[in-house]
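Peer 1: the following comprises the amino acid sequence and a computationally predicted model.
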Amino acid sequence: MQDSKIATSPGNLTQFEYLALNSPLNLSDGHARQALTPAQAGIIDELPSLWADAVKRPVEEVERSAQRAYFELLGQHSHPGADGRVLACYSSSVAMEIFARALATTTDAIGLVHPTFDNIPDILRGVGMRLVPVEEHWLHDDDLPADLLRSLGCLFVTTPNNPTGKVVSEERLRRLAEQCAEYGVVLTLDTSFRGFDTRAHYDHYAILEQSGCRWVVIEDTGKLWPTLELKIGWLASSANVGLPLAKVYSDILLGVSPLVLSMVKRFSEDAAGGGLAELHRFIATNRATLRNGLAGIPDISFPDPDSRASVERLDVGSRTGLEVWTALREHNVFALPCHQFHWARPQEGEHSLRIALSRSAEAVTKATNALRAVLG
Ligand SMILES: Cc1ncc(COP(=O)(O)O)c(C=O)c1O
């Protein structure tokens, strides 16, 4: 147990996730924890030779080839890696912290999608930002109100969103970027869950560049592959972004491990050769196990029927997510109550629970059985 990291009751989602870390039935955090596929295990066996190779090659070359492999895998052909506008960080949260500190030099007002993972609002508040909730459905409907855009220095969107799995379509991204260009608002995307959903594989960078808006994108290899927290958060930005991202980056780190970059390159190549499609089938099977296993229980529903993300929300009806979370712990199963995703109005998430699907099929089956026992 990581109780020493928690003062009293969990104060944020990551503190709930700490409690689950040592359980074999940890369906709490969104990090990938399923077994390696045989092809991925082969890459891990290659680590000594990747190490030897990384030692010999210039860091910039290792970094560029990892970037190219990852961004191309996910359809992001127009990423600005060749122009040195993609910074490699230890994780997406580190990229987020760098972005937040840089943004705070120019504005204190940011519009943030609601709901979303709570470490995003927490990091933004940490640098003194005033957060304005942007309801998720606004992003998918009509133009954003002019008054809203005039009041913001930045619009922050998580796509695919965590926990809902909602993806901003190509048409909607184009309009949001055009509106941000018109009102001088920086458009920032967190695409940490992009890998799971081919609907998020259109070339976002081409659209952002065409709009002329100032933009930042945070990408993340960490949700996709079970690499024991060896991951990269990429921080990409437009040439005209006008934020001291490189300066703040240099305040925090010199660079990431070339070994991790080499590993990301090899995992990306394996994914491009069929591993990504296999992963999509794996997540879809786990999702079906959960949905089918809970079918027919009164007062239970799945609010995100179209989601392909590696997490699934469950509406637990008149119970609270916290009650169900507590009851599941009796079975040594850990999920995540959703109230804190609703960072502006936690009560809106009080009756839902998030289940992580990037786990072994066996763990998902056992957790589904425990949920049936608790909910039925
Ligand atoms: C959308 C999103 N962005 C960023 C993060 C942070 O990722 P990490 O803990 O790897 O820095 C998370 C964590 O789950 C997330 O859901």
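Peer 2: All right, it came through fine. Numbering: from 1, shown residues only.
Peer 1: any idea how far apart the tips of stretch 313-331 sit?
Peer 2: Across stretch 313-331, the terminal residues are separated by 20 Å (C-alpha to C-alpha, to the nearest Å).
Peer 1: and that stretch, how far from the chain's centre?
Peer 2: 23 Å (C-alpha atoms, centre = their mean, to the nearest Å).
Peer 1: which residues does the spatially closest residue to residue 272 that is not a sequence neighbour contact?
Peer 2: Nearest non-adjacent residue to residue 272, counting by C-beta to C-beta, 6 or more residues apart in numbering: residue 73, 5.0 Å away. From N, CA and C alone the C-beta is placed, and that goes for glycine too. Residue 73 is in contact with 195, 268, 271, 272, 276, counting by C-beta atoms under 8 Å, 6 or more residues apart in numbering.
Peer 1: buried ones in the host helix or strand of the last one, by neighbour count?
Peer 2: Assigned by DSSP states H and E, residue 276 belongs to helix 276-294. Applying a neighbour-count criterion of 16 or more other C-beta atoms under 10 Å, the buried positions in helix 276-294 are 276, 279, 280, 282, 283, 286, 287, 289, 290, 293, 294.
Peer 1: looking at the residues you listed, spot the one nearest the ligand.
Peer 2: residue 283 (15.2 Å; C-beta to the nearest ligand atom).
Peer 1: surely that closest one touches residue 356?
Peer 2: No: with contact defined as C-beta atoms under 8 Å, residue 283 does not count as touching residue 356 (10.3 Å).
Peer 1: coming back round to it: run the chain-centre distance for the helix holding residue 276.
Peer 2: 19 Å.
Peer 1: what lies in contact with that helix?
Peer 2: 34, 37, 73, 195-196, 198, 224, 271, 300, 302, 307-308, 310, 312, 314, 355, 357-359, 361, 364-365, 367-369, 371-372, 375.
Peer 1: what about those, which are in strands?
Peer 2: Among the contacts of helix 276-294, the members falling in strands (DSSP state E) are 312, 314, 355.
Peer 1: any of the residues you listed buried? List them.
Peer 2: Here, 16+ other C-beta under 10 Å leaves 312, 314, 355 buried among these.
Peer 1: for the second one, list the residues it contacts.
Peer 2: Under the criterion of C-beta under 8 Å, 6+ apart, the contact partners of residue 314 comprise 290, 294, 300, 301, 302, 352, 353, 354, 355, 371.
Peer 1: what about dumping the CA coordinates of stretch 46-54 to PDB?
Peer 2: Extracted in PDB, the C-alpha atoms of stretch 46-54 (Å, rounded to 0.1, in the frame of the first residue of the first chain):
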ATOM      1  CA  GLU A  46      16.800  -6.800 -27.300                       C
ATOM      2  CA  LEU A  47      17.300  -4.100 -24.600                       C
ATOM      3  CA  PRO A  48      21.100  -4.800 -24.200                       C
ATOM      4  CA  SER A  49      21.700  -4.300 -27.900                       C
ATOM      5  CA  LEU A  50      19.400  -1.200 -28.000                       C
ATOM      6  CA  TRP A  51      21.600   0.100 -25.200                       C
ATOM      7  CA  ALA A  52      24.800  -0.600 -27.100                       C
ATOM      8  CA  ASP A  53      23.400   1.100 -30.200                       C
ATOM      9  CA  ALA A  54      22.100   4.100 -28.300                       C
END
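Peer 1: and the closest residue to residue 10 other than its chain neighbours, how close does it get to the ligand?
Peer 2: Once flanking residues are discounted, residue 10 sits nearest to residue 16: 4.5 Å by C-beta to C-beta, 6+ apart. Residue 16 sits 12 Å away from the ligand, going by C-beta to the nearest ligand atom, to the nearest Å.
Peer 1: check which helix or strand residue 16 maps to.
Peer 2: helix 13-20.
Peer 1: who does that helix touch, helix- and strand-wise?
Peer 2: strand 336-337 (3 or more C-beta pairs under 8 Å, 6 or more residues apart in numbering; DSSP states H and E).
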